[in-house]
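Participant: Just to be clear, the model below is a prediction. Sequence and coordinates:
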Amino acid sequence: MILSRLIISAVSICGVLFATEGSGHGDPVHEGGWMEKWLSFDPGLFMWTIVTFFIVLAILKWKAWGPLIEALDKREEDIRNALSSAEKAREEADKVAEDYEEMIRKAQAEAQKIVAESKAAGERVREEIKVTAEKEAGGILEKAQKQIQSEKANAIQEIRSTIVEFSLQAASKVIEKNLD
């Protein structure tokens, strides 16, 4: 606020000084057109312009540059901090991505291991079932063959009994006929 008032005061004083110099209408500066006025060299105006420039420069250095430099330094530090935190965040994101990819690889390896174990267990069970079925089939076949042999022996025995019975009946009929 004080800086603004000082700058406004300095500009106002310079404006008043410029306005008071050569204020008459018969002045040689005013005799030509506006172009001639702007192109002419006035040593007094030049001196006051230089003095005003250095006064404003000193006031700016005294009041404005310190806070301006401080603000720029703070801004630079904020940018450095933001870049540093962004770099840390990127590194963390990369680490999380690597961890995630490692977890996926481990999960895939575990899944493949489980599938392989399941296939192996399935093969073992299939082989066990096959062996058991073959044993049972062998047992059933053996039992069937024994039963067939037994049935065959029974059938042969029955046929023999029947043949003997028929033979006896036939012989008794033949003897009866011969006796008659």
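Facilitator: Yep, that arrived.
Participant: Could you report the pLDDT at the residue nearest to the spatial centre of the chain?
Facilitator: Nearest to the mean C-alpha position of the chain, by C-alpha atoms, centre = their mean, lies residue 97 at 6.2 Å. pLDDT recorded at residue 97 is 93.
Participant: swap in residue 19?
Facilitator: Confidence score, pLDDT, at residue 19: 54.
Participant: Next, the contact list for the residue nearest to the centre of the chain, please.
Facilitator: By C-beta atoms under 8 Å, 6 or more residues apart in numbering, residue 97 lies in contact with nothing. Quick note: C-beta positions are derived from backbone N, CA and C, even for glycine.
Participant: check which helix or strand covers it.
Facilitator: Applying DSSP states H and E as the criterion places residue 97 in helix 65-179.
Participant: swap in residue 54?
Facilitator: Assigned by DSSP H and E, residue 54 falls within helix 43-59.
Participant: Can you name every helix or strand that that helix contacts?
Facilitator: helix 2-20 (3 or more C-beta pairs under 8 Å, 6 or more residues apart in numbering; DSSP states H and E).
Participant: separation between residue 139 and residue 131?
Facilitator: Separation of residue 139 from residue 131 (C-beta to C-beta, to the nearest Å): 12 Å.
Participant: overlap in contacts of the two?
Facilitator: Both residue 139 and residue 131 lack any common contact, where contact means C-beta under 8 Å, 6+ apart.
Participant: And residue 40, its phi and psi?
Facilitator: phi -80, psi 150 (degrees, to the nearest 10).
Participant: what bits of this protein have low per-residue confidence?
Facilitator: For the chain, applying pLDDT under 70 flags the ranges 1, 3-6, 11-12, 14-32.
Participant: tally of neighbours for residue 134?
Facilitator: Here the count is done by other C-beta atoms under 10 Å, and residue 134 has 10 residues near it.
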